[in-house]
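> Okay, predicted coordinates and the sequence, questions at the end:
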Amino acid sequence: MRLATIAVPHVALGKLFARGCSIFVLALCFTRTSLASANNSIPNIFKPESTPAEEIHTISRFTLTITGLIFAVVFSLLVYAIARFRRPGAEEFEPPQVYGSNQIELAWTVIPVLIVLVLFLATARVIHSIQEAPQPAAAVEVIAVGHQFWWEFRYPGLGVVAANELHIPVSEAGKPTPTFVTLLSADTDHSFWVPQLAGKTDLIPNRRNALWMEPHQTGMYLGQCAQYCGTQHAKMLLRVYVDAREDFAKWVEGQKQPAVAKAEVAAGRRIFEQTACINCHAVAGTVADGRFGPDLTHLMSRETLASGAADNTRENLKRWIRNPEEFKPGCLMPAMNLSEPELEAVTSYLETLR
């Protein structure tokens, strides 16, 4: 029995080809834009700057190469079939009929199995090298706690507590200094992701997860929570500052110092300590010892407020205290309903916390 063939019009073939070309061009432009982005302030998975990120980048390119070759072969065969049998007279030609072929069946079974096996072994090697990496004695330990909607960073071996901005030392070739991060959640699911430094890892309540970073270049790297955690998930940003060894040591020493308030801001400190602020925030050297909100001991040493939602300026700080909903609707910090003189005094006091 002769099988009927479907004639594909020239117009349909042209539209199919044009659409395929458009998708290819868009993908190429996106890739070139991502590759051309060399600024560390732009998260870029194509420019790894840490050992774990490099491992992930390598396996992703390997996987993309294999799947790309498969796509090229299948697409080429599809284009050939469309072009070869699209003519109106094509139904007069009938290809050889093959009724069962052990060679063909063996090929389309063995080849996919081998491809999957290679991808599995390569991926397993990378997962093992990242998750089972030994922790050297010189490693920096950090505990990252995800809150709605900000980050808390504790350095148990250094006696430092920070918020939203993580400082770690650069790892030099002769003296590797990786940073091992323990991930905890204070409320709901979060996810720690700094694309250029490490893979995305979830923070789950009542469970300890971990990751490590070994950056090879100083600079500032942007990250964020990559797991929906509530209304302000999109504004739960974080910054990782990779410092030279000397700069990191200076930062640690500065963070260990207690808050020093000048005499002229005594009124602002008194208002701060007499309101509900101290129930949530801590300021070393004062009666404020709250743990629900970020530690404010060195508030003005940070570049941003509200987990990256705004620049850390006096005007933004004042607006944040007056009405946090202006920056992050749905955030857990309440408006303190201070009078204008009280607001000015508290803002002046917080500006001295460096």
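Structure's in. What do you need?

> Sketch out the low-pLDDT regions of this protein for me.
1-41, 87-93, 95, 261-263 (pLDDT under 70).

> What are the boundaries of the helices in the chain?
Assigned by DSSP state H, the chain shows helices spanning 10-36, 51-84, 102-131, 245-256, 266-274, 277-280, 314-322, 340-351.

> counting contacts, what elements does the third one pack onto?
Using 3 or more C-beta pairs under 8 Å, 6 or more residues apart in numbering; DSSP states H and E as the contact definition, the elements that helix 102-131 packs against are helix 51-84. Any C-beta I mention is one placed from the backbone N, CA and C, and that applies to glycine too.

> Report the angle between the helix it packs on and helix 102-131.
Put simply, helix 51-84 runs at 160 degrees to helix 102-131, going by axes from the mean of the first three to the mean of the last three C-alpha atoms, to 10 degrees.

> Can you give the distance from helix 51-84 to the centre of its chain?
From the chain centre to the centre of helix 51-84 is a distance of 25 Å (C-alpha atoms, centre = their mean, to the nearest Å).

> what's around the residue lying closest to G199 once chain neighbours are set aside, how many residues?
Using C-beta to C-beta, 6 or more residues apart in numbering and skipping the chain neighbours, the partner closest in space to G199 is I56 (5.2 Å). Using other C-beta atoms under 10 Å, I56 has 20 neighbouring residues.

> I66 and L106, how far apart?
Distance of I66 to L106, given as C-beta to C-beta, to the nearest Å: 21 Å.

> Looking at those two, which is more packed in?
I66 (14 against 10).

> wait, doesn't that one sit right on A122?
No - contact between I66 and A122 fails when scored by C-beta atoms under 8 Å: they sit 9.3 Å apart.

> on that earlier part again, could you export the helices of the chain as CSV, including distance to E214?
Shown next, in CSV, are these (distance: least, C-beta to C-beta, whole Å):
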stretch, distance to E214
helix 10-36, 23
helix 51-84, 4
helix 102-131, 11
helix 245-256, 14
helix 266-274, 40
helix 277-280, 35
helix 314-322, 34
helix 340-351, 35
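
> G330 is nearest to which of the ones you listed?
Comparison of the helices of the chain against G330 by C-beta to C-beta identifies helix 314-322 as nearest, at 14.7 Å.

> okay, now L353: neighbour count?
Per other C-beta under 10 Å, the neighbour tally for L353 reads 21.

> and it, what is it in contact with?
If you count contacts by C-beta atoms under 8 Å, 6 or more residues apart in numbering, L353 has them with 259, 261, 283, 296-300.

> if we go to 10 Å?
Neighbour list for L353: 259-261, 265, 269, 272, 283-284, 286, 295-301 [criterion: C-beta atoms under 10 Å, 6 or more residues apart in numbering].

> of the residues you listed, buried ones?
By neighbour count, with 16 or more other C-beta atoms under 10 Å, these hold 259, 261, 265, 269, 272, 283-284, 286, 295-299 as buried.

> now for the residues you listed, which pair is the farthest apart?
Spanning the widest gap among the buried ones among the contacts of L353 are V265 and D295, at 18.8 Å by C-beta to C-beta.
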